[in-house]
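**Q** I'll drop the sequence and a predicted model, then ask my questions.
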2 protein chains.
Amino acid sequence: MQAEVINTGSELLLGLVQNKHLAYLAGELAPLGITISRQVCVPDGPPVREALRDALGRAEIVITTGGLGPTSDDITRDAAAGLLGLPMEMDKSILEAIRERFARRGLPMADNVGRQAEVPRGAQVLPNHHGTAPGLYFAASTLGSHRARHLFLLPGPPRELHPMVADHLLPVLRLALPGSAAQERRIYRLTGIGESQVEARIGQSIEARGDLEVGYCARPSEVDFRLIGPRTALDAVEPAIQAELGEWIYSRGDTLEKSVIDLLRNQHLTVAVAESCTGGNLAGRLTDVPGASEVFLAGYVTYANLAKEQTLGVPADLLAVHGAVSEPVAVAMAEGARRAAGSTFALSTTGIAGPGGGSETKPVGTVFVGLAAEGHPTTVRRCWFPVDRPTFKYMTTSAALDLLRRQILGFPLELGGGAALPRLG
Amino acid sequence: MQAEVINTGSELLLGLVQNKHLAYLAGELAPLGITISRQVCVPDGPPVREALRDALGRAEIVITTGGLGPTSDDITRDAAAGLLGLPMEMDKSILEAIRERFARRGLPMADNVGRQAEVPRGAQVLPNHHGTAPGLYFAASTLGSHRARHLFLLPGPPRELHPMVADHLLPVLRLALPGSAAQERRIYRLTGIGESQVEARIGQSIEARGDLEVGYCARPSEVDFRLIGPRTALDAVEPAIQAELGEWIYSRGDTLEKSVIDLLRNQHLTVAVAESCTGGNLAGRLTDVPGASEVFLAGYVTYANLAKEQTLGVPADLLAVHGAVSEPVAVAMAEGARRAAGSTFALSTTGIAGPGGGSETKPVGTVFVGLAAEGHPTTVRRCWFPVDRPTFKYMTTSAALDLLRRQILGFPLELGGGAALPRLG
């Protein structure tokens, strides 16, 4: 089943606000087997009516966002009523709710606010607990000869839109499309392996079954492997997926850092980090996870050599002989951080983020990632990420997190098997 | 003048990738006086042709992104050629460039890659230095009776798209729209002040001149104040802007962290940071700036109390009496970091990012930001950012960077004057 999305709002077309509605709605609708066949963004005003007419003639489901407010350029409600030939009626309960909302905040209510209480006859009101403008749902009975069977007019601000989708749009569609309840989406998130290898190892054979939709999304250091279909089919391929891809799968939706923090928390283990080239981003990713404070003890951003010596006890002669970007220094940093923090594990990063600082033997993008672990020899991975600076930092922190994940789970620390180090794509 | 944007790509409609093209293109086109009147996202395949036909009939400028690759679903080039009645011709220089690109990487070249070297007759090739698929430009002479006077087919990946817009699309349009060359865009980036205050202090009076377009964009901790118009008018209002907003303006386009790093580099000053609640993100923002290594000496992510004591020398009784989230601990952390790193300045952060950990007197979102400076008393700002965890970290690091910026430039460290601490919006 196909849906079209109409976003209204001059702020979107002016580029003042990123339009995140499409990605959000696509993710929510996919498990119901609904794909978005077209999305259009038009300014508040007359083009809304034209876009609405076109969409109602093409798709089974039409969803608009924005244009439900009280000002003169908010015309989505009127445009829909006009197209569908439905007269407007004042809904006293909405008007009362809006009055209360203003009274509670001690604010005066402008006359035009009352417009939001007007409802096209036959439309179902979707309450808005996070703003004044309610949403509207038009069932097939109000849509006449248009191709569309479901029309939703929803508010634009995400904090109003998202609860309305969860509380009203999805339940309505689940009821209306009973078959869709049987469709599920499963996403495997992988690191340390390329998209083409995922396809070769397992994707092609799953595709050949014919009952599952297979998709890939590659980002720096990461691949999302996505299946949509009936739960029985998803369960049937699960063992083969684990057998072929198990060691590279870090989660079914969580970020890599969340997966690592969860592993540490579940096993009551702790970690510290010593960073040079990643400059705090590794600590930053770990501490972005709520609850990180239980397992993350300390981070040392030892950018200057003196800081490496004083804070982590990296020997000055090691730095002099091998250079700061070297395997021995990565080892000494990781071990020094573990000692200083008294943690189970410590990760280290030292590399050349660029744009300057490269050499013949260590070109820009070269990085050493170290892991010191209680009771184990310290491991170092040498990687080469010849990419822009932010991507370099991201890929390096991903390599470090993956090293720790593999250590905790007992997977090989060498990626081996021809699997590239995490690379772009 | 109006432009329509057509984004192709199933990954956008599937919600796997956020569509950032609209906001990016809107920002680039605005200074030329071009607004985007409609944006549509269609799947790779036949709908591209229909969307292209509609847009060519409506707008003066049409820009497509995506669908220029070698695979069977990349049909934008063919769709345009078909609609315009232009035969395809093989461009040998493109083919040679693609061959070289593959050879340089030692990769075999699949047969279908050659498709990217096919060019509709009369179209101008826009070289792609960051990917294999070149862009195409169709001038009015190839557009027949369509309303459009300019058609650009551009690649989808941002790292290919952005250079092509800067190097080819903008120069072509500047030449074609001579009036637009006289328009300039000036952006002032501010922190520590709200959008409505910017408007009240200076925005309204500039608007009243009538020759400058005024815009605001508020993000957490930041406001962009944007003027578009002739350079003479922009220069005329500059002194008033500096008088009214000077201390809050941190740059004319650079990030706050870049501005701070530049100030430090220019004056040969150094900085260290001691972070608790921001968990490495402050060091991360500073070291995201190329050249940060000249001035950033060390970061200490002292999440655990023991790390605060051992690494920074925060007295245990201070932690016991006042708690880790307190003004005295923020002072001790900043001074301890400055001592440990031997830097001119040190910043500290300690707060409650949430979701847990709040109390009656220190609710979630409370944070203390400290600045130790050689030869000055240590300063602490208490802030309250009751927002989600990533935004909390961002606003806290912004408050810290702003404190350092104000110290270096000699602006008041208390924001005063009714200016709110950096808040959402």
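**A** On my side now, so go ahead. Numbers count the residues shown, from 1 in each chain, chains lettered A, B, ... in the order given.
**Q** can we go C-alpha only for contacts and neighbour counts from here?
**A** Will do.
**Q** who's sitting farthest from the centroid in chain A?
**A** Each residue of chain A has a distance to the centre, and by CA atoms, centre = their mean the biggest one is for A:Asp317: 44.5 Å.
**Q** any idea how far that one lies from A:Val329?
**A** 10 Å (CA to CA, to the nearest Å).
**Q** and what of A:Val223?
**A** When distances are taken as CA to CA, A:Val223 and A:Val329 turn out to be 31 Å apart.
**Q** what does A:His322 give?
**A** Distance from A:His322 to A:Val329, counting by CA to CA: 8 Å.
**Q** that older thread, for chain B, see how far away the residue farthest from the centre of chain A is.
**A** 20 Å (CA to the nearest CA, to the nearest Å).
**Q** sorry, back to before: looking at A:His322 and A:Val329, which is more packed in?
**A** Between A:His322 and A:Val329, A:Val329 has the larger neighbour count (other CA atoms under 10 Å in any protein chain shown), namely 25 against 12.
**Q** tell me which element that one falls in.
**A** Element membership of A:Val329, judged by DSSP states H and E, is helix A:327-341.
**Q** ok, now A:Leu371?
**A** With DSSP H and E as the criterion, A:Leu371 is inside strand A:366-373.
**Q** got the contact list for stretch A:87-105?
**A** Outside of stretch A:87-105, the residues that reach it under the criterion CA atoms under 8 Å, 6 or more residues apart in numbering or on different chains are A:81, A:108-109, A:114, A:116-121, A:132, A:134.
**Q** now the residues you listed as CSV including secondary structure?
**A** CSV is the format used below for the contacts of stretch A:87-105 (DSSP: H, G, I helix; E, B strand; the rest coil):
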residue, secondary structure
A:Ala81, helix
A:Pro108, coil
A:Met109, coil
A:Gly114, helix
A:Gln116, helix
A:Ala117, helix
A:Glu118, strand
A:Val119, strand
A:Pro120, strand
A:Arg121, coil
A:Thr132, coil
A:Pro134, coil
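**Q** and those, which are buried?
**A** The neighbour-count test (16 or more other CA atoms under 10 Å in any protein chain shown) marks A:81, A:114, A:116-121, A:132, A:134 as buried among the contacts of stretch A:87-105.
**Q** now, among these, which is nearest to chain B?
**A** Compare each of the buried ones among the contacts of stretch A:87-105 with chain B using CA to the nearest CA and the shortest gap goes to A:Thr132, at 19.6 Å.
**Q** count the neighbours of the nearest residue to the closest one once chain neighbours are set aside for me.
**A** With CA to CA, 6 or more residues apart in numbering or on different chains as the criterion, A:Thr132 has its nearest non-adjacent residue at 5.9 Å, and that residue is A:Ile98. By other CA under 10 Å, 21 other residues sit near A:Ile98.
**Q** which stretch of helix or strand covers A:Ile98?
**A** A:Ile98 belongs to helix A:92-104 when elements are defined using DSSP H and E.
**Q** rewinding a little: is chain B contacted by the helix or strand just after the strand holding A:Leu371?
**A** Downstream of strand A:366-373, the next assigned helix or strand under DSSP H and E is strand A:379-384. No: using CA under 8 Å from any CA of the partner chain, strand A:379-384 never reaches chain B; the gap is at least 14.9 Å.
**Q** for strand A:379-384, give the mean pLDDT please.
**A** Mean pLDDT, strand A:379-384: 95.
**Q** direction included, what does that strand pair up with?
**A** Strand A:379-384 has the following strand partners under DSSP bridges: strand A:366-373 (antiparallel).
**Q** list the buried ones in the partner strand?
**A** Buried residues in strand A:366-373, counting neighbours by 16+ other CA under 10 Å, are found at A:366-373.
**Q** quick one, that strand and helix A:327-341 angle?
**A** Orientation note: strand A:366-373 sits at an angle of 40 degrees relative to helix A:327-341 (axes from the mean of the first three to the mean of the last three CA atoms, to 10 degrees).
**Q** averaged over its residues, which helix or strand of chain A has the lowest pLDDT?
**A** Taking mean pLDDT, DSSP states H and E as the measure, strand A:213-219 is the helix or strand of chain A with the lowest mean score, a mean of 80.
**Q** helices or strands next to it in the packing?
**A** The helices and strands touching strand A:213-219, judged by 3 or more CA pairs under 8 Å, 6 or more residues apart in numbering or on different chains; DSSP states H and E, are helix A:195-198, helix A:204-209, strand A:222-230.
**Q** quick check, the longest one touching chain B?
**A** Right, the one you point to is strand A:222-230. No: figure legend: strand A:222-230 not in contact with chain B (CA under 8 Å from any CA); closest approach 9.1 Å.
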